[in-house]
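Novice: Have a look at this fold, sequence not included:
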Ligand code: HEM
């Protein structure tokens, strides 16, 4: 099917750029399963971008002390994460033989090389500098990833708000080298404990804590569903990017965004 471009009389197409969007599904094989794989991957890349957009909005609004605005952005971010998880539905029932019909055509291509996913992880606070180095060969992509790595994350902005509110967040969480991996701290667990123990007094911050856990929960679910899908399609085979595949993804799936919000649960 052809989708003609240049539709000056069609305001919907002009706004959505659907002529461009619908021309981007360039499958490489005749496999009946490849279109679902390609389209779902494209949908997820767009949703990663939406998560990045909302994370930047939420972070910047928190820095302006606009907590209600930030909560609205994070609520949208959470809905984008639900859509990300729902998108797996079109892929999770693929069989290994169907996947094998087009896997070789991907070459060494792997989601591991998705730079928008890496921006998303950095913006939410999972800073692994080595992951930016994967893109060293592509100058503009590498430069932008280093820029995001050097910015404060959404979670850093959350902790700065808690500090301004007089909660016992250590000074070292408020000003530090943002490029470095996030150092989990017991004092931050204490601060969250105060928020949970005195919910009425800190009600807006408590709402912030719970929407962050909603987000971390869905992103954990995205990673777990990815892992299960990979186990179903590849078993113990290595990945196209050269990792051990499922074993590597299992370790990646153990990471939790906003770690002290998970640690505090043991104290409640
Ligand atoms: C359904 C078939 C899929 C298989 C068999 C698969 C397989 C894998 C494997 C084995 C890895 C580890 C790296 C490697 O060695 O390649 C990986 C990483 C990754 N994949 Fe997939 N994948 C699939 C679908 C997807 C989709 C639809 C997306 C959406 C964009 C995606 C995004 C990612 C990302 C972002 C990583 C890096 C994860 C991290 O750094 O923690 N994958 N994938």
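Specialist: Everything's here; your move. Bear in mind that the values here come from a model prediction, so they are computed numbers and not experimental data.
Novice: What is the neighbour count of residue 41?
Specialist: Counted with other Cβ atoms under 10 Å, the neighbours of residue 41 add up to 15. Every C-beta, even on glycine, is put in place using the N, C-alpha and C of the backbone.
Novice: just residue 209 next, same as before
Specialist: If you count neighbours by other Cβ under 10 Å, residue 209 ends up with 21.
Novice: got the buried residues for the host helix or strand of it?
Specialist: In this structure, residue 209 sits in helix 203-234 according to DSSP states H and E. Neighbour-count burial for helix 203-234 flags 205-209, 211-223, 225-227, 229-230, 232-234 (criterion: 16 or more other Cβ atoms under 10 Å).
Novice: got it, and stretch 103-113?
Specialist: 103, 111-112.
Novice: First-to-last residue distance for it?
Specialist: Its first and final residues considered, stretch 103-113 spans 16 Å by Cα to Cα, to the nearest Å.
Novice: so does it get close to the ligand?
Specialist: Yes: using Cβ under 6 Å from any ligand atom, stretch 103-113 comes into contact with the ligand via 110-112.
Novice: Contacts for that stretch next, please.
Specialist: With Cβ atoms under 8 Å, 6 or more residues apart in numbering as the test, stretch 103-113 has contacts from 28-29, 34, 41, 117, 134-135, 226, 239-243.
Novice: Okay, strands next: where are they in the stretch 101-250 of the chain?
Specialist: Assigned by DSSP state E, counting those that start in this stretch, the strands in the stretch 101-250 of the chain number zero.
Novice: In it, where is pLDDT below threshold?
Specialist: Within the stretch 101-250 of the chain, not a single segment meets pLDDT under 70.
Novice: Near the ligand, which residues of it are found?
Specialist: 110-112, 114, 117, 226, 229-230, 233-234, 239-243, 245, 248-249.
Novice: What number of residues are in the vicinity of residue 60?
Specialist: 16.
Novice: My error: substitute residue 154 in the last question.
Specialist: Residue 154: 25 neighbours (other Cβ under 10 Å).
Novice: about what we covered before: filter the contacts of stretch 103-113 down to the ones in helices?
Specialist: 34, 41, 117, 226 (DSSP state H).
Novice: just to revisit the earlier point, could you redo the contacts of stretch 103-113 as TSV and give each row distance to residue 148?
Specialist: Converted to TSV, those look like this (distance: Cβ to Cβ, whole Å):
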residue	distance to residue 148
28	31
29	34
34	31
41	22
117	12
134	14
135	12
226	22
239	24
240	25
241	21
242	24
243	23
